[in-house]
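Engineer: fold the following.
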Amino acid sequence: MSALWGRVPTGARRTLALAPQSKSVTELAHRATPRTLRILGFHGVPNPEQFEGLLKEICSRYHPVSMEEVAAAARDEAQLPDHPVLFTFDDGLCSTFDAGQILAENRLIPIEGVGVGV
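Structural biologist: Predicted structure coming up:
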């Protein structure tokens with residue numbers, strides 16, 4: 001525990017620890033940071049039904065972008081849409097190809113970084 005965190009009263013620590021799970025805090029962060037790129041990394045898709053629900057929820061609030069769009073924005077050649085999100089997979093697990101990529105493609109979500117793990 002850091003020295004600063006140790007000086008925070010216990011009740012306040014509990015409140016701060018739960019804050020990211022609070023719907024009002026999440027909504028405030030969403031409204032306050034429309035230009036912030038979110039990058040979501042996945043390591044396989046063990047449950048396709050849950051993953052599909054997660055994609056649906058994320059896409060209802062954020063705009064999926066491709067690595068090409070992010071690179072163009074970094075070069076000041078384009079602007080990202082409000083609430084951009086980049087989906088990545090960090091491995092070549094079978095579930096990534098069997099479920100993850102298919103579900104994402106069905107929703108027209110660009111997926112980046114699919115590679116083969118060692």
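
Engineer: every contact and neighbour count from this point should use C-alpha atoms.
Structural biologist: OK.

Engineer: most centrally placed residue in this protein?
Structural biologist: What sits nearest the mean C-alpha location of the chain, by C-alpha atoms, centre = their mean, is L40, with 3.1 Å.

Engineer: wait, what's in contact with that residue?
Structural biologist: Shown in contact with L40 (C-alpha atoms under 8 Å, 6 or more residues apart in numbering): V85, L86, F87, T88.

Engineer: rerun at 10 Å
Structural biologist: V85, L86, F87, T88, F89 (C-alpha atoms under 10 Å, 6 or more residues apart in numbering).

Engineer: ok, whichever helix or strand it is part of: who's next to it in the sheet?
Structural biologist: Take DSSP states H and E as the rule and L40 turns out to sit in strand 38-42. Paired with strand 38-42 in the same sheet, following DSSP bridges, are strand 84-89 (parallel).

Engineer: so what's the gap between the strand it pairs with and the chain middle?
Structural biologist: Mean-position distance between strand 84-89 and its chain equals 6 Å (C-alpha atoms, centre = their mean, to the nearest Å).

Engineer: the lengthiest helix in the chain versus strand 84-89: what angle between them?
Structural biologist: Counting residues, the longest helix in the chain under DSSP state H turns out to be helix 48-61. Inter-element angle recorded for helix 48-61 and strand 84-89: 160 degrees (by axes from the mean of the first three to the mean of the last three C-alpha atoms, to 10 degrees).

Engineer: re the thing from before, would you turn the contacts of L40 into CSV with neighbour count and pLDDT?
Structural biologist: Formatted as CSV, those follow (neighbours: other C-alpha atoms under 10 Å; pLDDT from 0 to 100):
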residue, neighbour count, pLDDT
V85, 24, 93
L86, 21, 91
F87, 20, 87
T88, 18, 84
F89, 21, 80
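
Engineer: by mean pLDDT, which helix or strand of the protein comes out lowest?
Structural biologist: Using mean pLDDT, DSSP states H and E, the weakest-scoring helix or strand in the chain turns out to be helix 3-7, at a mean of 64.

Engineer: do you know how far A99 is from F87?
Structural biologist: 14 Å (C-alpha to C-alpha, to the nearest Å).

Engineer: if you could redo that for T96, that was the one I meant.
Structural biologist: Here T96 is placed at a distance of 12 Å from F87 (C-alpha to C-alpha).
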